[in-house]
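> Below are the sequence and a predicted model; questions follow.
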Amino acid sequence: MSYKNDPKVLVALDFADADSALQFVDGLQPDLCRLKVGKELFAVAGPEFVKCLVGKGFDVFLDLKYHDIPNTVAKAVQAAARLGVWMVNVHASGGRKMMQAAKEALQEFENPPLLIAVTVLTSMDSEDLKEIGLDVDPQQQVLRLAKLTKASGLDGVVCSAQEAALLRKEIGDDFCLVTPGIRPQGSATDDQKRIMTPKQALDFGSSYLVIGRPITKAQDPIEVLKSINASIA
Ligand SMILES: O=c1ccn([C@@H]2O[C@H](COP(=O)(O)O)[C@@H](O)[C@H]2O)c(=O)[nH]1
């Protein structure tokens, strides 16, 4: 399938204000990429901006990583679903009851968004996990949380592409793997620790590639996006 029918790149719109984000989006079409709205842009531009992107025909991943008690998270994913987003997420470390409550809360929607859970942030390595009391390597922790996510009825996880092959082997193909920490060859790693190139990530089993700064901070962002699409076509 060509990327035009099912764009694999989710561009992270990590902009400081709605005008800059809109200026960027105006150079795009929905067949080039999907869009991700995270905490920074949502805090300044809010739900109306998300609805505006949906109105322009883009699939929107609302990346607010809900992590709270089950009732609060259930209401939050419902509020997200009312915006018409394509995908929404929670933290898997919120536990089974929280994830089940979120999934159940979406049952009343005719076209519910995909619901996925963050496992281990791609900015973290074993040392970072140790500091928060987890004496395991990222792969082990990602696998543990991905199995819990699947058992809780969710559609997939956010993980790094470095864990994609293991998750495909252990959990199978019917599970969405959304992978940030994607860096085209030669790009700055920034604060990401578990990284992979777009092509490697898809070869190892990623479903979707989250890419922010390598595109949004480029001199010619659309050209970079097109060359990434060509590299994975
Ligand atoms: O584990 C995670 C979960 C979410 N993210 C988000 O993805 C983008 C990545 O942006 P880059 O500029 O390509 O690094 C960003 O919005 C993060 O909040 C993540 O990186 N890792």
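Yep, it's here. Residues are numbered from 1 along each chain as shown.

> Any regions of the chain where pLDDT drops low?
1-4 (pLDDT under 70).

> residues of stretch 41-54 that come out buried?
41, 42, 45, 49, 50, 52, 53, 54 (16 or more other C-beta atoms under 10 Å). Glycine gets a C-beta too; all of them are placed from N, C-alpha and C.

> again but with stretch 218-233, I slipped
221, 224, 225, 228, 229, 232.

> I'd guessed residue 168 sits against residue 203; true?
No: in this structure, residue 168 is not within contact of residue 203 by C-beta atoms under 8 Å, at 10.9 Å.

> Check which helices and strands the biggest strand by length in the chain is in contact with.
Counting by DSSP state E, the longest strand found in the chain is strand 60-66. Contact here means 3 or more C-beta pairs under 8 Å, 6 or more residues apart in numbering; DSSP states H and E; on that basis strand 60-66 packs against strand 34-37, helix 39-55, helix 70-82, strand 87-91.

> which SSE is the most centrally placed residue in the chain in?
With distances taken as C-alpha atoms, centre = their mean, the chain has residue 178 as the residue nearest its mean C-alpha position (5.1 Å). Using DSSP states H and E, residue 178 maps to strand 176-179.

> Contacts (any at all) between the ligand and whichever helix or strand comes after that strand?
Proceeding N to C from strand 176-179, the next assigned helix or strand is helix 198-204, under DSSP H and E. No: figure legend: helix 198-204 not in contact with the ligand (C-beta under 6 Å from any ligand atom); closest approach 11.1 Å.

> Tell me the strands beside the very next helix or strand once past helix 198-204, with direction?
Once the chain leaves helix 198-204, the next helix or strand it forms, by DSSP H and E, is strand 208-211. Partner strands for strand 208-211, per DSSP bridges, with pairing direction: strand 9-12 (parallel), strand 176-179 (parallel).

> Report whether strand 208-211 contacts the ligand.
Yes: counting by C-beta under 6 Å from any ligand atom, contacts between strand 208-211 and the ligand involve 210, 211.

> and the next element down the chain from that strand?
Proceeding N to C from strand 208-211, the next assigned helix or strand is helix 213-216, under DSSP H and E.

> Show me what counts as buried in that next one.
214, 215, 216.

> which non-adjacent residue is nearest the residue in the chain that the ligand sits nearest to?
Closest approach of the chain to the ligand (C-beta to the nearest ligand atom) occurs at residue 212, with a separation of 2.7 Å. Leaving aside its chain neighbours, residue 212 sits nearest to residue 12 (3.1 Å; criterion: C-beta to C-beta, 6 or more residues apart in numbering).

> pretty sure that neighbour contacts residue 40?
No: checked against C-beta under 8 Å, the pair residue 12 and residue 40 is beyond contact range at 9.7 Å.

> These two: who's more crowded?
Higher neighbour count among residue 12 and residue 40: residue 12, with 23 against 15, using other C-beta atoms under 10 Å.

> Look up which residues are beta-bridged to residue 179.
residue 209.

> hang on, I meant residue 196
Beta-bridge partners for residue 196, by DSSP bridges, are residue 182.

> Let me see the contact set for it.
Contact partners of residue 196, counting by C-beta atoms under 8 Å, 6 or more residues apart in numbering, are 160, 161, 162, 179, 181, 182, 183, 204.
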